[in-house]
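Asks: Okay, here's the prediction I keep looking at, along with the sequence it came from:
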Amino acid sequence: MGNIITVENLIKRYDTYKRGSGFKDSVKSLFHREKVPVMAVNNISFSVKEGDIIGILGPNGAGKSTTIKMLTGTLYPTDGKIEVMGYNPTKDRKTYVHQIGAVFGQKSQLIWDIPPIDGFRMNKAIYGVSDQDYEERIKVMSKLFNVEEYITRPTRVLSLGERMKCEFIMAMLHQPKVVFLDEPTIGLDVIAKQKIREFILEMNKRGTTFILTTHDLEDVEQLARNVVIINHGEKVFDDSIHSLRKVLGAKKIVELTLHSPIDQLDMEGVSILERKNELSITVSVDLDIIAINDFISRLSALCDFTDISIKEMPMETIITHIYQSKKEK
Amino acid sequence: MKIKRYILIYRECVKVAFAAASTYRLNFILNCIIMLIGDILFPLITILIYGSGAGFEGWTVYEVLLIQSVFTMSMAIADMTFHGILWATMGHVRQGDLEMVLILPVDTMFLLMARTFSIDAVGLFIGGLTIFIVALSHIALPTGFMWLQFIVLFLIGLSVMMGIALLMAATSFKWVGNSRIPEIFDSIRSFGKYPQSIFPKAVLMITTLVIPVAMIGYFPATALLGQGDIKMMLILIPCIVFLILGITLYRHMVRLYQGVGG
Amino acid sequence: MKYIRHKIEVMKAVALVTYKEWSAYRTHSMVSIFVGPVYFIVQYFIWTAAYGNRTELNGMELSQMITYFGASTLIGYLTMDFADWNLQMLIRTGRFLTFALRPIHHRFFAFSQKVGHRVLGLIFEFIPCYFIFTLLFRIHMVPKHFGWTLLSVALAFLMNFYVHYILGMTAFWFTQSSGIRRVFDLLSGVFSGVFIPLVFFPMGLQKALFFLPFPYMSYVPVMVFTGEFSLAGIQMEIPTIVGLQGIAVAFTILLSEVIYKASIKHFNGVGA
């Protein structure tokens, strides 16, 4: 299938102004301000195939949201070219937004005091969805999400997870070909996250292309086929999820609280990343070399620990890994 | 040494209010200015009426302004010291976290008033005081005895204000989150802003005996005009009764809230 | 034709949702049933006393004055607006973005919201107060020229909306726009004629008011209701002043369009 999105040499530059802290400086800045250009997005190119799920990954402030806003046509690029389904999002905004959907984690479309279903009806009118399509889509999607009984209750009494599911329904009522998701699972519990990921996969099977930004590696691992990683506004990685796995290896981060201090952990595939103090250490475990339960049973033989938590690799570590693998090449 | 402790608490709260105002300096100054201007607008109607050649029979424009300036000063002091209890109560009841105040070893009503001490209304007071001085300079100089009468009546007027504030706050227990409650009482209070002679007897009964809003501006001002007489002192009784009513009702609602448990 | 039908559908849907949304707070609206008449009573006694034995003040008779305050209260319920608050809230919280992502002009959305909200005002404020004024207070509350009054109220509805929308757009440019809005509220309170008919102001000010948005928001429709219009010593035929109001509204719409274009450009360029 062809490319549904092409982004070429995308640049977004802001001018911010230096501001002093004291009263004197703030008076001075009324008259003269020093311009400081900030490159939020610096020369990024990538493309998305129709029917794909692509993850845009990066630490906070990397330029993910800026990129996705430019893709949706709500932010003008300083330079570069964006084409989505043959549209230029900036120029063809009105016709373009008919074709896309968007869920922005922290920005709700639902209306607080009334049930989601009323908000759905409003969007039905805004997008001009026919009665028949509307009924059917509500049925299908609320079933997928198991929210049939929630959508008639006032939004304010719903849990964050239930609300998020309703956001998805609201954003997809007009059956957009492309859906943009900005941090769609932020702040949700594990079960709600899972439900939302299942929904995304199911809708993808039915033909919707998804572009999602996240700083949660798990989102990407479970959903995306292709990954773009952005750091400081620049693209540092753009390949399939398989290649990303190759670069990163299958590593988990384990935080340990020890009963008594130890010097080192003598296990293959395990290395100490950080010692916060004598009793709390962070180690990385390479799952290609040692399985996680082997690690734990050997660990309990090696030392006494009072607490353990297993985590995904944090964004910063991922970025470091990517830079390292680039150097090695 | 309960009183001493309460004074200490109050002092801390005032300090916090000053600190907050100085953090948001610009906002504070703007608020003051807007209040000051808004305040000049309220006697504007009176000035425009007199300016058009009409007026209230038996009252000069400065006499009417005197009533309104006293009213404004009373309002400003109330805003600074105890009006905050309404918003505080309303907020806590809506959020369901009044418990956080109830568990503290201090009288709830006192604490809510102290914590909402606000200096924003200082602009309102300055505006009121300015009009007060202007009005005073156009009437016969009051004697010391008149001033004494004025101060007593003004304080009693403040107790009516407090009674109203507590009634409003008590209402907000039942009428959760209705930000228009103050409008109800504002509208009733507006009867107190004018010479009472313009109202018919039935209205006067209400403004002096039932909800004695006439005590806020009108009666203290007439004392300064030398029209005070002993009968006026009798109206102290409904005023005090009104305040007690407010306190009782508020405490009752707090107890009710505790019973329900939010 | 299809385009217009779609627009009407959207307006209906948004108005209905807004109506439902605010129905939960209808007791808030119903506060007006008490407050409106109480303020009216105060005004009634003030003006009855102020007229004394005089038959007219600044060209207005006492009965016209009483009608003026009654109409001012009632028309206020139909045209009241807080689009500025809504818009600045959306901008501050970043939720304005969800409108940029939908195929709808936010101003049209906001206007539809106002329609829904004012239907609520009609039912829970206007109608009860109308009956209190006419049946209880026995005030003659029938406009002299029904058609012109209706048109003038509709224009005031638009005027209030567009002016407040412009005010809300300041939030695109300033992080703290509450000061500007409060100053405006203060000015519009005085100069729209809610407190006192504008003929009571000094002559120079009255003349200037023709060129400001305030009179067209309340004073004009209220005077049209009473059947006679004058300002700055100029007596105007009802159709003339309503026409003038129409021009003022058209100008405001144009201005709001210009500011909207610039604001959106600013918003899309900076990205909030």
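Replies: Yep, it's here. Residues are numbered from 1 along each chain as shown, chains lettered A, B, ... in the order given.
Asks: Would you mind naming what in chain B lies close to chain C?
Replies: With C-beta under 8 Å from any C-beta of the partner chain as the criterion, chain B meets chain C at residues B:27, B:30, B:34, B:37-38, B:41, B:44-45, B:48-49, B:51-57, B:175, B:178-181, B:183-184, B:186-188, B:190-191, B:194, B:197-200, B:203. For every residue, glycine as well, the C-beta is placed using N, CA and C.
Asks: Just the buried ones from the residues you listed?
Replies: Buried members of the residues of chain B next to chain C, scored by 16 or more other C-beta atoms under 10 Å in any protein chain shown, are B:30, B:34, B:37-38, B:44-45, B:48-49, B:52, B:54-56, B:175, B:178, B:180-181, B:183-184, B:186-188, B:190-191, B:194, B:198-199, B:203.
Asks: For the stretch 151-272 of chain C, which residue gets nearest to chain B?
Replies: Nearest residue of the stretch 151-272 of chain C to chain B, counting by C-beta to the nearest C-beta: C:Phe200, 4.2 Å away.
Asks: Repeat that for the stretch 151-300 of chain A.
Replies: For the stretch 151-300 of chain A, C-beta to the nearest C-beta, closest residue to chain B: A:Arg156, 12.0 Å.
Asks: dump the residue contacts of the closest residue to that residue other than its chain neighbours.
Replies: Closest residue to A:Arg156 apart from its sequence neighbours, by C-beta to C-beta, 6 or more residues apart in numbering or on different chains: A:Trp112 at 5.3 Å. A:Trp112 is in contact with A:154-156, C:21, counting by C-beta atoms under 8 Å, 6 or more residues apart in numbering or on different chains.
Asks: Output these in TSV; the columns should cover secondary structure.
Replies: Shown next, in TSV, are the contacts of A:Trp112 (DSSP: H, G, I helix; E, B strand; the rest coil):
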residue	secondary structure
A:Pro154	coil
A:Thr155	helix
A:Arg156	helix
C:Glu21	helix
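Asks: so where's the stretch 151-262 of chain B shaky on pLDDT?
Replies: Where the stretch 151-262 of chain B drops to pLDDT under 70, the residues are B:260-262.
Asks: quick one: secondary structure of A:Ser47?
Replies: Criterion first, three-state DSSP; result for A:Ser47: strand.
Asks: now swap in the one 4 residues further on and tell me
Replies: Three-state secondary structure (criterion: three-state DSSP) places A:Gly51 in coil.
Asks: burial count for it?
Replies: 16 (other C-beta atoms under 10 Å in any protein chain shown).
Asks: Next SSE downstream of the lowest-mean-pLDDT helix or strand in chain C?
Replies: When each helix and strand of chain C is scored by mean pLDDT, DSSP states H and E, helix C:178-191 comes last, with a mean of 86. Note on helix C:178-191: by DSSP states H and E, the next helix or strand toward the C-terminus is helix C:203-209.
Asks: packing partners for that next one?
Replies: With contacts defined as 3 or more C-beta pairs under 8 Å, 6 or more residues apart in numbering or on different chains; DSSP states H and E, helix C:203-209 has no helix or strand neighbours.
Asks: Which residues does it contact?
Replies: Looking at helix C:203-209 with C-beta under 8 Å, 6+ apart, the contacting residues turn out to be C:191, C:198-199, C:201, C:215, C:231-233.
Asks: Apply 6 Å and report the result again.
Replies: Helix C:203-209 is contacted by residues C:198, C:215, C:231-232 when judged by C-beta atoms under 6 Å, 6 or more residues apart in numbering or on different chains.
Asks: ok, now stretch B:120-134?
Replies: The contact list for stretch B:120-134 (C-beta under 6 Å, 6+ apart) reads B:31-32, B:35-36, B:39-40, B:65, B:69, B:72-73, B:76, B:79-80.
Asks: And stretch B:220-230, by the same measure?
Replies: B:66-67, B:70, B:142, B:146, B:149-150, B:153-154, B:157.
Asks: Who does A:Met39 form a beta bridge with?
Replies: For A:Met39, the beta-bridge assignment (DSSP bridges) gives partners A:Arg13.
Asks: For burial, what's the neighbour tally of it?
Replies: A count of nearby residues for A:Met39, using other C-beta under 10 Å, gives 15.
Asks: Can you tell me how far it is from C:Met169?
Replies: Applying C-beta to C-beta, to the nearest Å, the value for A:Met39 to C:Met169 is 29 Å.
Asks: which element is the closest residue in space to B:Met73 that isn't next to it in sequence on?
Replies: Among residues not flanking B:Met73 along the chain, B:Gly128 sits closest, at 4.0 Å (C-beta to C-beta, 6+ apart). B:Gly128 is part of helix B:122-136 when elements are defined by DSSP H and E.
Asks: my guess is A:Ala40 contacts A:Thr67, does it?
Replies: No: A:Ala40 lies out of contact with A:Thr67 (C-beta atoms under 6 Å); the separation is 8.6 Å.
Asks: Could you work out the most separated pair of the contacts of stretch B:220-230?
Replies: Across these, no pair lies farther apart than B:Pro142 and B:Gly157, at 16.7 Å, counting by C-beta to C-beta.
Asks: Show me which of A:Ala40 and A:Thr67 is the more surrounded one.
Replies: Higher neighbour count among A:Ala40 and A:Thr67: A:Thr67, with 29 against 21, using other C-beta under 10 Å.
Asks: Excluding sequence neighbours, find me the nearest residue to the more buried one.
Replies: Nearest non-adjacent residue to A:Thr67, counting by C-beta to C-beta, 6+ apart: A:Val41, 5.6 Å away.
Asks: Let's see the pLDDT reported for the one you found.
Replies: A:Val41 carries a pLDDT value of 93.
Asks: got a list of what it touches?
Replies: Contacts of A:Val41 (C-beta under 6 Å, 6+ apart): A:10, A:12, A:63, A:66-67, A:233.
Asks: near chain A at all, stretch B:10-22?
Replies: No: applying C-beta under 6 Å from any C-beta of the partner chain, one finds stretch B:10-22 separated from chain A by no less than 11.9 Å.
Asks: Could you pull out the buried residues of that stretch?
Replies: B:10, B:13-14, B:17, B:21.
Asks: ok, of those, which one's closest to chain A?
Replies: Looking across these and measuring by C-beta to the nearest C-beta, the closest to chain A is B:Ala21, at 16.0 Å.
Asks: Give me the neighbour count for residue 173.
Replies: Answering for chain A, as no chain was given. Counted with other C-beta under 10 Å, A:Leu173 comes out at 22.
Asks: was after chain C, sorry
Replies: C:Trp173 has 15 neighbours, counted by other C-beta under 10 Å.
Asks: hmm, the longest helix along chain C touching chain A?
Replies: Secondary structure of chain C read by DSSP state H shows that its longest helix is helix C:238-270. Yes: residues of helix C:238-270 are located near chain A by C-beta under 6 Å from any C-beta, namely C:268-269.
Asks: which strands and helices sit next to that helix?
Replies: Helices and strands touching helix C:238-270, by 3 or more C-beta pairs under 6 Å, 6 or more residues apart in numbering or on different chains; DSSP states H and E, are helix C:146-173.
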